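J.: requesting a structural model of the entry that follows:
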Amino acid sequence: MTVWKRIGAGAALGLVLATGAQAQGAETVVATVNGTDITLGQLSVMLGDLPPQYQSLPDDVLFNGLLEQMIQQIVLQQQVEPTLSARDLVTIQNQRIAYIAGTALQAVVGAAVTEAALQAAYDERYANAAPQTEYNAAHILVDAEDKARDLKAQIDGGADFADLARQHSTDGAAASGGDLGWFGLGMMVKPFEDAVVSLQPGQVGGPIQTQFGWHLVLLKETRAAQVPTLDEVRDELAAELEQAAIEAHLTDLTGRAAITRAEGIDPARLRDQTLFDN
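T.: Numbers count the residues shown, from 1 in each chain. Got it, this is the predicted structure:
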């Protein structure tokens with residue numbers, strides 16, 4: 001619950017504040033609400049979850065605001081907790097499991113995504129990779145082979161490819177004369193890519209059938225692909241390392257766990273709104 005419109009208000013609800021020169025740690029009680037303690041550690045965790053724009057507020061403003069927010073949350077909790085439904089309790093249980101599981105995976109990811117691992121992944125993919133070619137092409141997409149053949153005949157007879165694309169192509173590139181820009185291998189569907197690779201700059205190929213329809217393709221030019229820097233692909237490589245580490249860790253853990261799966265459970269019961277009524 002957000003109460004920042006009231007931040008700075010004094011916490012004046014008969015609170016027991018920790019004062020004096022004694023050591024103040026995470027377990028230091030800063031207030032008590034109907035017998036429920038609020039600790040300095042709780043407020044510290046709340047501070048860490050605040051949006052950046054609040055982090056620079058003065059300490060006393062933050063302290064009073066966070067304390068006021070926690071007090072309000074606790075009085076609401078105390079009012080409602082005795083009446084929580086079975087679904088509510090399971091929701092809380094699931095959230096606790098998810099939080100702990102996420103904490104476990106943070107450690108796995110932290111160990112896997114290191115600067116050394118990123119450099120090794122980069123070197124494996126790019127350092128010794130064969131030179132790649134990028135292609136600049138345009139296409140005309142129609143829904144029937146005979147339409148494509150008729151257009152190809154017009155192009156062979158001298159008609160302008162871009163003009164025909166604007167008039168007849170059925171995809172979003174039509175407005176730009178069928179221009180697809182620059183792309184590398186693996187970025188287009190295989191039949192289209194194979195046709196592009198077989199052409200020389202200035203040549204028109206097709207008709208080529210893909211799941212999208214029938215294509216005529218004009219290869220405009222080619223160039224050697226630039227090898228990206230590590231920083232340019234850092235996020236991509238980190239995501240791959242992260243995913244691989246998580247999958248390996250989960251495979252190991254589940255492989256060593258004693259897991260039994262009940263038989264005969266009706267999957268449709270998941271949608272039954274009366275599931276918690278019993």
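J.: any low-confidence regions in the stretch 1-150 of the chain?
T.: 1-22 (pLDDT under 70).
J.: if we use 90, what do you get?
T.: Within the stretch 1-150 of the chain, the segments meeting pLDDT under 90 span 1-23, 55-56, 125-132.
J.: the longest strand in the chain is where?
T.: Identified as the longest strand of the chain according to DSSP state E is strand 213-224.
J.: and the residue lying closest to Ala224 once chain neighbours are set aside, which of the three is it?
T.: Excluding the flanking residues, the one nearest Ala224 by CB to CB, 6 or more residues apart in numbering is Pro131, at 5.9 Å. C-beta here means a position set from N, CA and C on the backbone, and glycine is covered the same way. What DSSP: H, G, I helix; E, B strand; the rest coil gives for Pro131 is coil.
J.: can you check the one 4 residues further on too?
T.: What three-state DSSP gives for Tyr135 is strand.
J.: got it, and the one 3 residues further on?
T.: Assigned with three-state DSSP, Ala138 falls in the strand class.
J.: now do it against Gln209, distance only.
T.: 18 Å (CB to CB, to the nearest Å).
J.: more neighbours: those two, which one.
T.: Shown here are Ala138 and Gln209; by other CB atoms under 10 Å, Ala138 has more neighbours (21 against 13).
J.: just to revisit the earlier point, against Glu221, how distant is the residue nearest to Ala224?
T.: 16 Å.
J.: the more surrounded of those two?
T.: Glu221 (11 against 7).
J.: that one and Ala137, how far apart?
T.: For Glu221, the distance to Ala137 - CB to CB - is 9 Å.
J.: which residue ranges of the stretch 151-278 of the chain form helices?
T.: Assigned by DSSP state H, counting those that start in this stretch, the helices in the stretch 151-278 of the chain fall at 161-168, 190-198, 230-256.
J.: redo those helices as CSV? Include mean neighbour count.
T.: CSV is the format used below for these (neighbours: other CB atoms under 10 Å):
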stretch, mean neighbour count
helix 161-168, 18
helix 190-198, 16
helix 230-256, 13
